[in-house]
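1. What would the 3D arrangement of this be:
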Amino acid sequence: MCFSSKKKTAEEEVQAKKNKEIENQLKEDRKNLHQKMKLLLLGTGDAGKSTFAKQMKVIHKEGFTKPELEKFVEILRDNCLAGMVRLLFACNEWSLEIPKKLKPQVELVINATELTEDVATAVKLLWETEAVQTAFSRNNEIQLPGGASGTVYYVEHALRFAKRDYLPTQDDVIRAKLRTTGITEVTFNVGTTEFTMVDVGGQRSERRKWLNCFVDIN
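-> Numbers count the residues shown, from 1 in each chain. From the prediction side, this is the model:
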């Protein structure tokens, strides 16, 4: 038994070609979808979202450029100074007495507007006192910039931060505490996959912006 096939008309040929092009485009889109991932970082303030995003930039990209590093100079100095000021206020609130001989250092730090080398020296002296260490042991009751580990790091490197020619290292920037406002994106590649990490502020005032970020999230 023989079957004859009907020859396609010119219009059908054009439509078949279009269908093939659409199928190929869909295959390409599916392929690209697997090669691109968009990640949204959500959480409360101080949850570590921005720290994680910065770590990914250092690990999977070339890290921070010199101009970007320079932007963190004053941030890190302020982190160090603010942390010690909060500990000193806690000492006063909890009646933890700092040796009288260090009163000039207490006044210097509390009244300081920037982390100079003299202020940094005072910060390190006060850090060693029993009163400040006792206050620090209750760090869960104090909102310290960078948390407990951040405060230890800032004090340890206070003199380096205070130098006039100070340029932050990649690790300094990762540990820097800066309140995230708005939306920040970091794009990096792992193998053949491109990741776009979206970091949004965790404070209550920033959460209304979260909804707009859920588009195309994988």
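
2. quick one: the helices in this structure?
-> 10-35, 49-60, 66-70, 73-93, 103-111, 117-127, 130-136, 147-156, 158-162, 170-175 (DSSP state H).

3. Residue 135: what's it in contact with?
-> For residue 135, the contact set (C-beta atoms under 8 Å, 6 or more residues apart in numbering) comprises 87, 90, 91, 94, 96, 142. Where you see a C-beta, it was placed from the backbone N, CA and C, and this is true even at glycine.

4. about what we covered before: and the helices of the chain: which comes nearest residue 188?
-> helix 49-60 (3.8 Å; C-beta to C-beta).

5. Select, out of the helices of the chain, the one closest to residue 190.
-> helix 49-60 (6.2 Å).

6. and the closest one, which residues are buried?
-> For helix 49-60, a neighbour-count test (16 or more other C-beta atoms under 10 Å) marks 49, 50, 51, 52, 53, 54, 56, 57 as buried.

7. then that helix to CSV, C-alphas only?
-> Extracted in CSV, the C-alpha atoms of helix 49-60 (Å, rounded to 0.1, in the frame of the first residue of the first chain):
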residue,chain,number,x,y,z
LYS,A,49,24.1,39.6,54.7
SER,A,50,26.5,42.4,53.5
THR,A,51,29.5,40.6,55.0
PHE,A,52,28.6,37.5,53.0
ALA,A,53,28.2,39.5,49.8
LYS,A,54,31.6,41.1,50.3
GLN,A,55,33.2,37.7,50.9
MET,A,56,31.8,36.5,47.6
LYS,A,57,33.2,39.5,45.8
VAL,A,58,36.7,38.8,47.3
ILE,A,59,36.6,35.0,46.7
HIS,A,60,35.0,35.0,43.2
